[in-house]
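Engineer: I would like to see how this sequence folds:
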Amino acid sequence: MKVTIDKNSGYCFGVEYAIQMAEDEMEHSNTLYCLGDIVHNSMEVKRLHDKGLRIISREQLEELRDCKVLIRAHGEPPETYELALRNNIELIDASCPVVLKLQNRVKHAFDKIQPDKGQVVIYGQKGHAEVIGLTGQTNNEAIVVTTEEDLAQVDFSRPVSFFSQTTKSTKGFYKMKALIEEKIKEANPQAPADYLDANDSICRQVSNREPQLQKFSHEHDVILFVSGKKSSNGKALYGVCKIENPRSYFIENEQEIEPAWFEGATSVGICGATSTPMWLMEQVARHVENIDSVATF
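Structural biologist: Numbering: from 1, shown residues only. Sure thing, here's the model as predicted:
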């Protein structure tokens, strides 16, 4: 049975940058705090914990003084920077440049649309760290929509500036955009074309993986998609694999693999999210090869 790791899977540059900054900092100090999981992958979080990285909550951050805290790739709202200043906390800012640029765009759109009583709408996952950072640019007035039902929160008789969390699916974004256009026409048939300002702000490194994964999923009998269960990007990309290949399985590590999945298969493809470390996919590959060698023996 041939086992292949997708060469396009693994960390995006934003996550890689954040982890490198954490490891560099920990070479000079025993403990480094990180606000929230540095990456949505429990295996990698454990590896970094063993090196001295301590994950803290927002409540715990308020109690800290005179220390260093890493800001992960997801970015943070302005309140976090204000709190750090008050508590003499040195921030190691590893916010992804793509996310920082989006934060600036959302803030600019929010300020611009205020005189017309417009609304900023974000296609994303409520409570997701990146979305918290984005809504923070709007005094938490942005409306977050995940499903079609969430659009009931939007007043379509007023202008809408529409953005996406960087890791959401392209297909989902354009489906929501079409629905918003339709509802604006229903609510206000005379609305000018610029009543909806739609901004495809999905990270291209993420969106480009969709067609790559479609092709990869077709090339193998069985697909093992390796990702943390909390990863928004992981859920979206796994959905792409599952549509293309029904024999796709979502796993966090090799312990979840069932040998029966490979019955009659001659090839297995291993891929993952932008938060999946390569060492973990290699570990999964070795496990599958071991299952195959035992079965052959």
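Engineer: quick one: strands adjacent to whichever strand or helix holds residue 91?
Structural biologist: Using DSSP states H and E, residue 91 sits within strand 90-93. Counting by DSSP bridges, the strands paired with strand 90-93 are strand 68-71 (parallel).
Engineer: immediately after the strand it pairs with, which helix or strand?
Structural biologist: Remark: after strand 68-71, the chain's next helix or strand is helix 78-86, criterion DSSP H and E.
Engineer: contacting residues around residue 109?
Structural biologist: 120, 161, 163, 197, 199 (CB atoms under 8 Å, 6 or more residues apart in numbering). Glycine gets a C-beta too; all of them are placed from N, C-alpha and C.
Engineer: my read: the last one touches residue 161, true?
Structural biologist: Think residue 199. Yes. If you go by CB atoms under 8 Å, residue 199 and residue 161 touch, sitting 7.4 Å apart.
Engineer: out of those two, which sits in the more crowded spot?
Structural biologist: Using other CB atoms under 10 Å, the more surrounded residue of residue 199 and residue 161 is residue 161, with 22 against 15.
Engineer: list the contacts of the strand or helix carrying that one.
Structural biologist: Here residue 161 sits within strand 160-164, counting by DSSP H and E. Outside strand 160-164, the residues that touch it by CB under 8 Å, 6+ apart are 102, 105-106, 109-110, 112-113, 118-124, 134, 154, 173, 176-177, 180, 184, 195-202.
Engineer: can you pull out the helices in the stretch 51-200 of the chain?
Structural biologist: Counting by DSSP state H, counting those that start in this stretch, the stretch 51-200 of the chain has these helices, from start to end: 58-63, 78-86, 97-113, 129-135, 170-187.
Engineer: can you tell which of the ones you listed is closest to residue 233?
Structural biologist: Residue 233 lies closest to helix 129-135 among the helices of the stretch 51-200 of the chain, at 10.1 Å (CB to CB).
Engineer: which other helices and strands does the closest one contact?
Structural biologist: In terms of contacts (3 or more CB pairs under 8 Å, 6 or more residues apart in numbering; DSSP states H and E), helix 129-135 is packed against helix 97-113, strand 119-123.
Engineer: okay, the first one in PDB with CA atoms only?
Structural biologist: The one in question is helix 97-113. Provided in PDB are the C-alpha atoms of helix 97-113 (Å, rounded to 0.1, in the frame of the first residue of the first chain):
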ATOM      1  CA  PRO A  97       0.500  39.900   8.600                       C
ATOM      2  CA  VAL A  98      -2.500  38.800   6.600                       C
ATOM      3  CA  VAL A  99      -4.700  39.100   9.700                       C
ATOM      4  CA  LEU A 100      -3.300  42.500  10.700                       C
ATOM      5  CA  LYS A 101      -4.000  43.800   7.200                       C
ATOM      6  CA  LEU A 102      -7.600  42.600   7.500                       C
ATOM      7  CA  GLN A 103      -8.000  44.200  10.900                       C
ATOM      8  CA  ASN A 104      -7.000  47.500   9.400                       C
ATOM      9  CA  ARG A 105      -9.400  47.100   6.500                       C
ATOM     10  CA  VAL A 106     -12.300  46.200   8.800                       C
ATOM     11  CA  LYS A 107     -11.500  49.300  11.000                       C
ATOM     12  CA  HIS A 108     -11.300  51.600   8.000                       C
ATOM     13  CA  ALA A 109     -14.600  50.200   6.600                       C
ATOM     14  CA  PHE A 110     -16.300  50.600  10.000                       C
ATOM     15  CA  ASP A 111     -15.200  54.200  10.300                       C
ATOM     16  CA  LYS A 112     -16.200  55.000   6.700                       C
ATOM     17  CA  ILE A 113     -19.700  53.400   6.900                       C
END
